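Trainee: What shape does this take:
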Amino acid sequence: MKLLRGFRRNEAGGVSVIFAVALAPLAFGVCAGIEISQAYMTRERINFALSASAEAWAQGGENADVMARSVFDGYAQHFPRRVKTELVITENQHEAALMAQTVIETPFLAAFGVSELDVTSTRFESRGR
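Mentor: Numbers count the residues shown, from 1 in each chain. Have a look, this model is predicted:
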């Protein structure tokens with residue numbers, strides 16, 4: 001408390017300038033941390049949706065890819081608005097590779113040249129073995 005009182009009573013202005021200069025990097029660090037953590041949470045949601053769609057593909061018959069896409073699209077409705085994702089399914093007989101290519105917009109980091117983060121998740125699935 002004594003330190004805060006001294007800060008308020010300082011009339012020279014030097015402490016205020018140092019505080020203002022130090023505040024900008026701190027604010028950037030906090031905001032960048034929030035955006036990065038939101039991107040990681042979004043990545044986990046995408047991985048969950050990808051796992052569910054891979055399971056749907058494994059249980060599906062002739063329309064396995066349609067089932068997998070509908071499951072993924074159902075989960076994708078709950079992704080944040082600033083997320084654009086595409087599901088790519090590569091099949092051969094009893095195996096498939098499901099890949100979600102995702103672009104996450106980063107409004108705050110755009111001021112520093114990072115306007116979006118690219119995240120790619122892949123899940124391999126087999127059936128009938």
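Trainee: where does the chain have low pLDDT?
Mentor: 1-13, 15, 128-129 (pLDDT under 70).
Trainee: where do the helices sit along it?
Mentor: All helices of the chain, identified by DSSP state H, fall at 2-9, 14-59, 64-76.
Trainee: closest one to Phe112 among those?
Mentor: helix 14-59 (7.7 Å; C-beta to C-beta). For every residue, glycine as well, the C-beta is placed using N, CA and C.
Trainee: which helices and strands does the closest one pack with?
Mentor: Where contact means 3 or more C-beta pairs under 8 Å, 6 or more residues apart in numbering; DSSP states H and E, helix 14-59 is packed against helix 64-76, strand 83-92, strand 95-105, strand 116-126.
Trainee: and the second one, what other elements does it pack with?
Mentor: Read that as strand 83-92. Packing partners of strand 83-92 (3+ C-beta pairs under 8 Å, 6+ apart): helix 14-59, helix 64-76, strand 95-105.
Trainee: distance between it and the chain's centre?
Mentor: Remark: strand 83-92 is offset 17 Å from the chain centroid, using C-alpha atoms, centre = their mean, to the nearest Å.
Trainee: quick check: angle from it to strand 95-105?
Mentor: For strand 83-92 against strand 95-105, the angle between stretch directions is 170 degrees (axes from the mean of the first three to the mean of the last three C-alpha atoms, to 10 degrees).
Trainee: between strand 83-92 and helix 14-59, how big is the angle?
Mentor: Put simply, strand 83-92 runs at 30 degrees to helix 14-59, going by the same axes, to 10 degrees.
Trainee: Please export the C-alpha coordinates of strand 83-92 as PDB.
Mentor: Extracted C-alpha coordinates of strand 83-92, given in PDB (Å, rounded to 0.1, in the frame of the first residue of the first chain):
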ATOM      1  CA  VAL A  83     -13.300 -20.000 -37.700                       C
ATOM      2  CA  LYS A  84     -13.400 -21.400 -41.200                       C
ATOM      3  CA  THR A  85     -12.900 -25.100 -41.600                       C
ATOM      4  CA  GLU A  86     -13.000 -27.700 -44.300                       C
ATOM      5  CA  LEU A  87     -13.200 -31.500 -44.000                       C
ATOM      6  CA  VAL A  88     -11.200 -33.500 -46.500                       C
ATOM      7  CA  ILE A  89     -11.800 -37.300 -46.600                       C
ATOM      8  CA  THR A  90      -9.400 -39.600 -48.500                       C
ATOM      9  CA  GLU A  91     -10.700 -43.100 -48.700                       C
ATOM     10  CA  ASN A  92      -9.400 -46.500 -49.900                       C
END
